[in-house]
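one predicted model, sequence on top.
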Amino acid sequence: MTSYDGLAPSDGILTKSIVRVDKEDVLGAKSVRLVETRFSTKAAAEVSFSPEQRKIIGNAIDRALCFGLSERFDIVGPADQADLTVQAVVTHAAATDPAAAGASGVARVAKSVLLPGVPVPVPRIPLGLGSLSVEGEARDRRGKQKAAMVWGRGANSFTSSPRVSPDGDAYDLSTAFAADFSKLLVTGSTPFGAAPSLPSLDSLHVLLGGAPKQSACEAFGRAPGIAGFIGQGLGAPPSWTDKGAAPPSPPAAAPPVSEPSPAT
């Protein structure tokens with residue numbers, strides 16, 4: 001980020017974070033431009049994610065940020081000017097152990113077979129749990145920082161779904177970061193410590209794979225929807241249900257050039 005000055009601790013139940021926000025300036029902003037999320041050099045080197053896995057995690061953050069920020073801001077294209085420019089950088093990630101995640105999935109299946117219909121939670125095996133740390137920043141038109149968040153969370157045995165893929169936990173946590181950073185910018189206040197609010201009908205529609213509220217968010221693709229929830233429950237890798245960013249539109253074909261009429 002451009003600055004780490006003024007950041008203050010603001011933790012959630014499962015999340016560790018430090019934040020700062022210029023509330024008046026952030027609430028006065030009307031438009032947002034999203035810069036593509038990237039992995040820091042250190043994060044890319046320390047975790048065994050393929051380039052494709054890093055790309056799908058980054059796009060999941062961008063897509064969730066776009067959906068969340070659409071609640072109040074106008075989202076403009078990457079080449080347009082906006083009141084705030086927002087970017088996230090993944091600074092650390094720990095991979096999920098696929099073997100441990102697979103064993104947790106087997107335990108859940110065994111419970112459903114041996115105790116059908118019995119509402120007994122099956123904790124995930126507390127081995128090989130992944131984690132994610134992300135920095136988010138919003139800058140004004142002059143490049144001055146107006147909001148910042150340093151965020152970190154690890155998967156746990158009770159609320160995290162085991163996916164048989166190294167990027168499983170980091171992928172699931174990516175949307176949690178985006179939700180928290182979006183709330184910081186939409187409300188101008190820390191997202192932690194406030195009573196939870198019910199999702200809007202627009203956000204439910206988007207989560208189920210519907211069209212986003214603003215067309216600019218189509219660049220990040222649609223949410224996996226029902227297929228994503230089923231895949232998560234079955235422990236499938238994120239890439240099985242998340243198709244990632246929308247392919248770029250082909251350039252418009254140039255109009256045909258008419259041949260000059262022959263001289264008579």
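On my side now, so go ahead. Just so it is clear, the model here is predicted, and its values are computed rather than measured.

pLDDT-wise, which helix or strand of this protein ranks last?
Sorted by mean pLDDT, DSSP states H and E, the helices and strands of the chain end with helix 98-114, the least confident at a mean of 76.

now do the same contact list for the residue positioned nearest the centre of the chain.
Residue closest to the average C-alpha location in the chain (CA atoms, centre = their mean): residue 61, at 2.1 Å. Shown in contact with residue 61 (CB atoms under 8 Å, 6 or more residues apart in numbering): 37, 88, 90, 134, 174-175, 177-178. To be clear about C-beta, it is placed using only N, CA and C from the backbone, and glycine gets the same treatment.

farthest-separated two in these?
Greatest spatial distance among these (CB to CB): 90 and 175, at 13.2 Å.

more neighbours: these two, which one.
The residue with more neighbours, out of residue 90 and residue 175, is residue 90; 25 against 19, by other CB atoms under 10 Å.

can you pull out the strands in this structure?
8-9, 16-21, 31-39, 74-76, 84-94, 131-139, 145-154 (DSSP state E).

paired strands for the fifth one, with orientation please.
Translated: strand 84-94. Here strand 84-94 has these sheet partners by DSSP bridges: strand 31-39 (parallel), strand 131-139 (antiparallel).

tell me the most buried of the ones you listed?
strand 131-139 (a mean of 23; mean count of other CB atoms under 10 Å).

send me that strand as PDB with only the CA atoms.
Below are the C-alpha coordinates for strand 131-139, written out as PDB (Å, rounded to 0.1, in the frame of the first residue of the first chain):
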ATOM      1  CA  SER A 131      -5.200 -19.400   5.200                       C
ATOM      2  CA  LEU A 132      -5.200 -16.000   3.400                       C
ATOM      3  CA  SER A 133      -3.900 -12.500   4.100                       C
ATOM      4  CA  VAL A 134      -4.800  -9.600   1.900                       C
ATOM      5  CA  GLU A 135      -4.200  -5.900   1.800                       C
ATOM      6  CA  GLY A 136      -6.800  -3.600   0.400                       C
ATOM      7  CA  GLU A 137      -6.500   0.100  -0.400                       C
ATOM      8  CA  ALA A 138      -8.700   2.900  -1.800                       C
ATOM      9  CA  ARG A 139      -7.100   6.000  -3.300                       C
END
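
relative to strand 16-21, how tilted is that strand?
0 degrees (axes from the mean of the first three to the mean of the last three CA atoms, to 10 degrees).

next one: strand 131-139 to chain centre, how far?
The chain centre lies 10 Å from the centre of strand 131-139; the measure is CA atoms, centre = their mean, to the nearest Å.

which other residues reach that strand?
With CB under 8 Å, 6+ apart as the test, strand 131-139 has contacts from 1-2, 26, 32, 43, 57, 61, 84-94, 145-155, 169-170, 173-174, 177, 181, 184-185.
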